[in-house]
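[1] return a 3D structure for these sequence lines:
(one chain, ligands or ions: 3)
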Amino acid sequence: MNSGTDTIFALSSGSGKAGVAVVRISGPDAGAALRDLTGGIPKERHAVLRSIRDRNGEKIDRGLILWLPGPGSFTGEDMAEFQVHGGRSVVSGLIETLAGMEGLRPAEPGEFARRAFGNGKLDLTEIEGLADLIDAETVLQRRQALRQLEGRSGEIVEDWRRRLIGAIALCEAGIDFVDEDDVSDEVGADITPIVAHLRAEICGHLEEEPRGESIRTGLTVVIAGPPNAGKSSLLNALARRDVAIVADVPGTTRDAIEVRLELGGVPVTMVDTAGIRASGDEIEMEGVRRAERHVADADLVLWLADSSAETSGLETRPRTGPETWWVSTKIDLVDGVAGRIDAVRFGLSALSGAGVGELLRGLAEWATNRVGSGTIPVITRVRHRRELESAAAALERAGGLDYRSDPDLVAEELRAAANALGRVTGRIDVEDVLDAIFRDFCIGK
Ligand SMILES: Nc1nc2c(ncn2[C@@H]2O[C@H](COP(=O)(O)OP(=O)(O)OP(=O)(O)O)[C@@H](O)[C@H]2O)c(=O)[nH]1
Ligand SMILES: [K+]
Ligand SMILES: [Mg+2]
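    Ligands and ions are numbered 1, 2, ... in the order given. This is a model prediction of the structure:
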């Protein structure tokens, strides 16, 4: 990315025809650009209606403009915002005029957010919360993203880091006074419980939380079983649409078919797979291999078996794998029990719909339990998990050392833990992770 001294601009609202479009400018020349286009600079943070003109004085549109001088703006720089009619020609006229101005250039993806980070307006967890809020599809995702954007995850991590820095200071005092027995005793007595507590807190979050990651990325439920068990029929019934081909021919489904549902506020991807059996057909066997891979990666497998068939369908089930529910299908043919039979057994008919609602309710309950409720987690990404794991490991090593004989080794481990925590919020050496985070942003954010 370029230096922060350029003035950048972008269409921040969605592209395409719309009622209103929002164009933002950030950087030292934002004020000059605003003046050139509208003839003046309005009172800060007040929306005013102005004509917006191109270099030849031709009116592009009349719209609301906002002057948001730094450092109190989103990026911390001088910013201007245009709310214009969202027609293609209005937007392209405005964008082209800005592009033709001295010192202005189009923003790269995530560049506004990156400047906000660079100017200390948001830490990394807040930036990630912002990205997640833009991507949020479910209520739980929105709540989690907002909490993160408001800095609550970052606060927890920063609190850990502050306590660690306190412990490092104590430890270093121990190093300085290593020859004076009384001081080093006192210091050691203080560090041990601090380190043990911190480690317990961090480990608590690590154990409790695939939750945050699950809320963000969702859960996967794989519908599997022998050919003709009624897998595609069930997918269609759950999705209430005709997504997968249903036929009386065993081996109908080859490619995995995915449908995204929101169950209990959690995004759940339902995957219909090829019927699992040995077959001489090369293409069908590729479908079976894919089905087995999906089963292995699932958060939950619905193993379907045709209740009217002679064999149970269990013989083809992969031997190991994730949590599984057993679903008897086509109960209309045998007058079987509809609905939940016990914790892991269901009966249903995709044809009549009997038992499908109960399965959906069971899945919603499972999804909610899986991500937990109430408190919203600190760890929402693999990146956070990795850093917290490395902090916990360093604390464990520190706990295994004798601070009296090795105060410098203890301090080193504590510093490693503090650095890992610092990387979560971006307080320290994060250049390498920045590109990865901001790359995922859309332009104009
Ligand atoms: N009577 C009855 N027939 C059903 C029911 N569900 C599915 N079938 C029929 O069973 C046959 C197979 O259904 P599919 O949904 O294609 O089965 P599948 O498991 O996806 O099959 P493959 O993709 O070939 O593995 C079709 O003829 C369906 O109409 C049901 O609840 N009751
Ligand atoms: K079939
Ligand atoms: Mg099928």
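
[2] what does the protein have sitting close to ligand 2?
    By C-beta under 5 Å from the ion, the residues of the chain that approach ligand 2 are 228, 247, 252. No exception for glycine: its C-beta is placed from N, CA and C like everyone else's.

[3] tally of neighbours for the closest residue to the last one other than its chain neighbours?
    The reference is to residue 252. Closest residue in space to residue 252, ignoring its immediate chain neighbours: residue 245 at 5.7 Å, by C-beta to C-beta, 6 or more residues apart in numbering. Neighbours of residue 245 under the rule other C-beta atoms under 10 Å: 13.

[4] same deal with residue 263?
    Close neighbours of residue 263, defined as other C-beta under 10 Å, add up to 22.

[5] need the contact list for it.
    Contacts for residue 263 (C-beta atoms under 8 Å, 6 or more residues apart in numbering) come out as 360, 363, 364, 367, 368.

[6] I'd like the distance between the residue lying closest to it once chain neighbours are set aside and residue 244.
    Once flanking residues are discounted, residue 263 sits nearest to residue 364: 4.2 Å by C-beta to C-beta, 6+ apart. To residue 244, residue 364 is 21 Å away according to C-beta to C-beta, to the nearest Å.

[7] all strands for the stretch 151-300 of the chain, in order.
    Listed in chain order, the strands of the stretch 151-300 of the chain (DSSP state E, counting those that start in this stretch) span 219-224, 257-263, 266-272, 300-306.

[8] what's the answer for the stretch 301-445 of the chain, then?
    Taking DSSP E, counting those that start in this stretch as the test, the strands found in the stretch 301-445 of the chain are 324-329, 339-342, 345-347.

[9] now do the helices in the chain.
    Remark: helices assigned in the chain by DSSP state H are 30-38, 88-99, 111-118, 124-135, 139-149, 152-176, 181-208, 211-217, 231-239, 282-297, 356-371, 382-399, 407-425, 431-439.

[10] give me the number of residues near the nearest residue to residue 311 once chain neighbours are set aside?
    Once flanking residues are discounted, residue 311 sits nearest to residue 226: 7.8 Å by C-beta to C-beta, 6+ apart. Around residue 226 there are 22 other residues, counting by other C-beta under 10 Å.

[11] make sure residue 226 is actually in contact with residue 275.
    Yes. Contact criterion C-beta atoms under 8 Å: residue 226 and residue 275 qualify, at 5.3 Å.

[12] which among the residues of the chain next to ligand 2 are in contact with ligand 1?
    Filtering these for neighbours of ligand 1 using C-beta under 6 Å from any ligand atom leaves 228, 247, 252.

[13] what parts of the stretch 201-350 of the chain come near ligand 3?
    Those residues of the stretch 201-350 of the chain that sit near ligand 3, judged by C-beta under 5 Å from the ion, are 231, 232, 252, 253.

[14] residue in the protein nearest to ligand 1?
    Nearest residue of the chain to ligand 1: residue 275, at 2.6 Å (C-beta to the nearest ligand atom).

[15] any weak-confidence spans in the protein?
    The model of the chain has pLDDT under 70 over residues 1-4, 174-190, 209-210, 319, 372-376, 428-445.

[16] residue of it with the smallest distance to ligand 2?
    residue 252 (3.5 Å; C-beta to the ion).

[17] neighbour count and distance to residue 304 added to the residues of the stretch 201-350 of the chain next to ligand 3, as a markdown table?
    Formatted as a markdown table, those follow (neighbours: other C-beta atoms under 10 Å; distance: C-beta to C-beta, whole Å):
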| residue | neighbour count | distance to residue 304 |
| --- | --- | --- |
| 231 | 32 | 5 |
| 232 | 24 | 10 |
| 252 | 18 | 14 |
| 253 | 23 | 12 |
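
[18] need the contact list for residue 346.
    Contacts of residue 346 (C-beta under 8 Å, 6+ apart): 325, 326, 327, 328, 339, 340, 355, 358, 359, 362.

[19] quick check: chain neighbours aside, which residue is closest to residue 171?
    Excluding the flanking residues, the one nearest residue 171 by C-beta to C-beta, 6+ apart is residue 411, at 4.3 Å.

[20] ok, residue 197 - contacts?
    With C-beta under 8 Å, 6+ apart as the criterion, no residue contacts residue 197.

[21] thinking again about what came up before, just give me the closest of the ones next to ligand 1 among the residues of the chain next to ligand 2 to residue 311.
    Set against residue 311, the nearest of those by C-beta to C-beta is residue 228 (11.5 Å).

[22] OK, contacts around the nearest residue to residue 216 once chain neighbours are set aside?
    Leaving aside its sequence neighbours, residue 216 sits nearest to residue 380 (C-beta to C-beta, 6+ apart; 5.1 Å). Listed by C-beta under 8 Å, 6+ apart, the contact partners of residue 380 are 128, 132, 144, 148, 153, 212, 213, 215, 216.

[23] with residue 394 instead?
    Contacts for residue 394 (C-beta under 8 Å, 6+ apart) come out as 413, 414, 416, 417, 420.

[24] contact partners for the closest residue in space to residue 360 that isn't next to it in sequence?
    Among residues not flanking residue 360 along the chain, residue 238 sits closest, at 6.5 Å (C-beta to C-beta, 6+ apart). For residue 238, the contact set (C-beta under 8 Å, 6+ apart) comprises 259, 261, 270, 356, 359, 360.

[25] which of those residues are buried? Put it as a ChimeraX command.
    Of the contacts of residue 238, the buried ones go into a single ChimeraX selection, burial set by 16 or more other C-beta atoms under 10 Å:
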select :259,261,270,356,359
